[in-house]
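Asker: All I have is the shape, not the residue letters:
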């Protein structure tokens with residue numbers, strides 16, 4: 001399928017592409033489609049009126065959604081919803097509409113229903129031709145969406161690039177290079193702590209286990225994005241049982257851009273996820289050559305991997321990272337590069353999959 005216009009929705013305000021991963025998903029997907037041999041015309045359609053990004057990305061143009069949406073032959077609803085009249089117009093003209101999902105929607109909806117009284121959040125009711133879901137969210141989302149929307153859910157390649165993290169480093173005087181050391185190490189975790197998918201509790205438990213066995217290995221443990229959880233009474237009670245709290249090894253920090261915190265405060269990254277086994281933070285850490293201890297099976301061939309909620313395995317891997325990584329750097333970085341290469345916008349296998357999926361839309 002050639003010479004078609006593909007729109008991708010986005011919601012960017014105040015020229016900030018770093019508030020969440022979804023905006024980066026949009027740009028990275030656009031870059032991958034730009035690398036197709038098919039002559040796609042890619043339009044990034046912003047629901048706000050912002051049209052000019054301070055950070056220019058070659059080949060990527062952004063427009064107010066109202067100006068360009070009706071030109072689309074394929075619309076990927078990714079970063080924002082669309083208006084009813086646009087939906088009806090596009091359906092009537094034969095535009096193929098895809099919900100592109102890059103979040104743990106089922107889990108977030110579950111939390112919303114069980115734990116909040118938010119009367120404003122509603123189900124998105126536009127029925128697409130297909131729903132595309134990135135690999136890390138397929139397990140929980142597939143049948144949820146297929147049942148509600150009565151259409152096929154397909155897995156699509158995840159796309160990552162270093163363009164954003166390079167921009168932060170190059171424009172903020174950040175060195176951000178891992179430095180070997182024989183001294184006790186500084187450990188950081190970067191879980192957002194805003195939902196059950198990425199919560200720092202098991203990072204904390206793993207570091208605690210290591211500290212009980214080898215206190216000589218750890219200088220500091222920083223829990224970023226920790227200001228909200230640190231004042232919760234139950235959380236305080238749990239933390240007060242831990243040696244890393246009693247000895248003031250662990251501290252709870254605000255939110256920071258990862259390159260800055262890696263550069264200034266970090267030697268090793270510890271991470272834990274539940275039903276979200278791939279995200280930008282992991283790939284960014286690998287790209288910057290930092291030792292990453294993680295439980296993300298989609299990248300188990302990079303970093304130092306432990307399974308699920310197995311604190312004993314996690315502690316073993318963290319001890320290995322703290323004691324052996326500096327003798328293993330070259331091999332570690334080679335493995336990291338192989339993993340990163342498969343998610344790049346230039347990966348031909350991923351581009352071919354997207355080309356086929358776009359072609360298949362027209363066979364429905």
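Answerer: Thanks, I have the structure now. If you're wondering where the values come from, they're calculated on a predicted model, not measured in any experiment.

Asker: mind listing the strands in the stretch 151-300 of the chain by residue range?
Answerer: Counting by DSSP state E, counting those that start in this stretch, the stretch 151-300 of the chain has strands at residues 153-155, 185-189, 218-223, 250-252, 268-270, 292-294.

Asker: Please give me every residue in contact with the nearest residue to residue 184 once chain neighbours are set aside.
Answerer: Distances taken as Cβ to Cβ, 6 or more residues apart in numbering put residue 219 closest to residue 184, at 3.9 Å, once the chain neighbours are dropped. Using the backbone N, CA and C atoms, a C-beta is placed for each residue, glycine as well. Residues near residue 219 by Cβ atoms under 8 Å, 6 or more residues apart in numbering: 183-186, 249.

Asker: any idea how far residue 264 is from residue 219?
Answerer: For residue 219, the distance to residue 264 (Cβ to Cβ, to the nearest Å) stands at 14 Å.

Asker: Over to residue 300?
Answerer: Using Cβ to Cβ, one obtains 29 Å as the distance from residue 300 to residue 264.

Asker: Among those two, which residue is more densely surrounded?
Answerer: The neighbour comparison of residue 300 against residue 264 (other Cβ atoms under 10 Å) goes to residue 300, with 15 against 12.

Asker: what sits against the residue nearest to the spatial centre of the chain?
Answerer: Using Cα atoms, centre = their mean, the residue of the chain that lies closest to the mean C-alpha position is residue 279, 3.3 Å off. With contact set as Cβ under 8 Å, 6+ apart, residue 279 has these partners: 21, 136, 198, 273, 296.

Asker: just checking, residue 346 touches residue 35?
Answerer: Yes: if you go by Cβ atoms under 8 Å, residue 346 and residue 35 touch, sitting 5.7 Å apart.

Asker: Who has more neighbours out of those two?
Answerer: For the pair residue 346 and residue 35, the greater number of neighbours falls to residue 35 (17 against 12), based on other Cβ under 10 Å.

Asker: pLDDT score assigned to that one?
Answerer: If you check residue 35, the pLDDT there is 95.

Asker: I figured it hits residue 352, correct?
Answerer: No: with contact defined as Cβ under 8 Å, residue 35 does not reach residue 352; the gap is 10.7 Å.

Asker: if I look at residue 99, how far off is residue 291?
Answerer: Residue 99 sits 37 Å away from residue 291, taking Cβ to Cβ as the criterion.

Asker: quick one, strands of the stretch 1-150 of the chain?
Answerer: Listed in chain order, the strands of the stretch 1-150 of the chain (DSSP E, counting those that start in this stretch) span residues 5-10, 41-46, 62-64, 74-77, 96-101, 130-133.

Asker: With distance to residue 142 added, can I get the ones you listed in CSV?
Answerer: Shown next, in CSV, are the strands of the stretch 1-150 of the chain (distance: least, Cβ to Cβ, whole Å):
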stretch, distance to residue 142
strand 5-10, 22
strand 41-46, 26
strand 62-64, 31
strand 74-77, 18
strand 96-101, 10
strand 130-133, 7
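
Asker: burial of the closest residue to residue 329 other than its chain neighbours, as a residue count?
Answerer: In space, not counting the residues next to it along the chain, residue 329 is nearest to residue 180; the distance is 6.9 Å by Cβ to Cβ, 6+ apart. The tally of other residues near residue 180 (other Cβ under 10 Å) stands at 9.

Asker: and what of residue 117?
Answerer: Neighbour count for residue 117, taken as other Cβ under 10 Å: 5.

Asker: what about the closest residue to residue 246 other than its chain neighbours, how many residues close to it?
Answerer: On the basis of Cβ to Cβ, 6+ apart, the spatially nearest residue to residue 246 that is not a chain neighbour turns out to be residue 240, at 7.7 Å. Counted with other Cβ under 10 Å, residues neighbouring residue 240 total 9.
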